[in-house]
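**Student:** need a 3D model of the sequence below.
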Amino acid sequence: MKIFIIGIPYSGRTTVAKAVLQDEKHQYIDASSWVKSTFRDQESGEHIQKYLESYHEYLTKRIQANPLFAVNNVLDTMAAYNNTNVFIIDGINNPKDFVHLFDVNKDIVVFLNRTDNSEEFKDSESIAVSVIRDYCYWMSTAGLLSKNRWLEYNFKIPGEGSEINLIKKMGTKNSVFISRSINNTITHLKKSLKELINPQDHQS
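**Tutor:** Numbers count the residues shown, from 1 in each chain. The predicted model follows:
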């Protein structure tokens, strides 16, 4: 089973992805930021926006040269963990990669919508998340993806309070939650995933 944590930059993806690891047999996979290690360091005095534009140009060229390089990295990483039955995948930001990797029969997708995200990021990054969401909507409409395996959380970082205070709204096609903070999101998501991964343990 693969659990995809999807969101625009600075949405708390990595924080949430690492926090929901619940078992020694679960494995975290960084699906995208590893490629930055193959790119140059930021030069002295170089503006961050210019550096990011250079990186995106580099990333685009890598995708053009090998459209499935990120998919292959994820699959190779999964193959290296023979005893792992759950993979938490962070950083899928290419709809093509998601389509290749997502198993509609058993995988779970989690969208993180940080409502106070004021950071700058490229339009292509928010469009990519929207396209992945539209694909999930198509799968759900076609009866392929149940709404309990398509979760969405709306929250702030860090947010208010530490107590669990979630307002659950069941959408027609997915499960939407309003949370006061990222910590409450993590607490609720861990509980939800535990029930989805081991449903037999939660049957009355």
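
**Student:** where do the helices of the protein begin and end?
**Tutor:** Using DSSP state H, the helices of the chain run over 13-19, 48-65, 69-79, 95-101, 123-141, 182-197.

**Student:** wouldn't Glu43 be in contact with Tyr51 here?
**Tutor:** Yes. With contact defined as Cβ atoms under 8 Å, Glu43 reaches Tyr51; the gap is 7.4 Å. To be clear about C-beta, it is placed using only N, CA and C from the backbone, and glycine gets the same treatment.

**Student:** looking at the two, which one has more neighbours?
**Tutor:** Tyr51 (15 against 10; other Cβ atoms under 10 Å).

**Student:** so that one versus Trp34, what's the distance?
**Tutor:** Per Cβ to Cβ, to the nearest Å, Tyr51 is found 18 Å from Trp34.

**Student:** how about Ala17?
**Tutor:** Look at Ala17 and Trp34: by Cβ to Cβ, they are 14 Å apart.

**Student:** the more surrounded of the two?
**Tutor:** Ala17 (24 against 13).

**Student:** my guess is the more buried one contacts Ile5. True?
**Tutor:** Yes. Judged on Cβ under 8 Å, Ala17 makes contact with Ile5 at a distance of 4.4 Å.

**Student:** find residues that contact each of the two.
**Tutor:** Any residue near both Ala17 and Ile5 by Cβ atoms under 8 Å, 6 or more residues apart in numbering counts here, and that gives 88-90.

**Student:** need those in CSV (columns: distance to Asn154).
**Tutor:** As requested, those are exported to CSV (distance: Cβ to Cβ, whole Å):
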residue, distance to Asn154
Ile88, 20
Ile89, 21
Asp90, 19
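
**Student:** which residue is the nearest non-sequential neighbour of Leu144?
**Tutor:** Val104 (4.7 Å; Cβ to Cβ, 6 or more residues apart in numbering).

**Student:** next, count neighbours for that neighbour.
**Tutor:** Count around Val104 with other Cβ under 10 Å applied: 14.

**Student:** verify the contact between it and Ser140 for me.
**Tutor:** No. Look at Val104 against Ser140 with Cβ under 8 Å: they stay out of range, at 9.9 Å.

**Student:** relative to Val20, how far out is Arg13?
**Tutor:** The value you get for Arg13 to Val20, if Cβ to Cβ is used, is 11 Å.

**Student:** between those two, which contacts overlap?
**Tutor:** Ile5.

**Student:** about what we covered before: overlap in contacts, Ala17 and Trp34.
**Tutor:** Counting by Cβ under 8 Å, 6+ apart, nothing touches both Ala17 and Trp34.

**Student:** mind checking the end-to-end distance for stretch 62-71?
**Tutor:** Stretch 62-71 has its terminal residues 13 Å apart, counting by Cα to Cα, to the nearest Å.

**Student:** okay, buried residues for stretch 183-202 please.
**Tutor:** For stretch 183-202, the neighbour count (16 or more other Cβ atoms under 10 Å) marks 183-189, 192-193, 196-197 as buried.

**Student:** and Thr60, how many neighbours?
**Tutor:** Neighbour number of Thr60 under other Cβ under 10 Å is 11.

**Student:** and Lys147, how many neighbours?
**Tutor:** Lys147 has 15 nearby residues by other Cβ under 10 Å.
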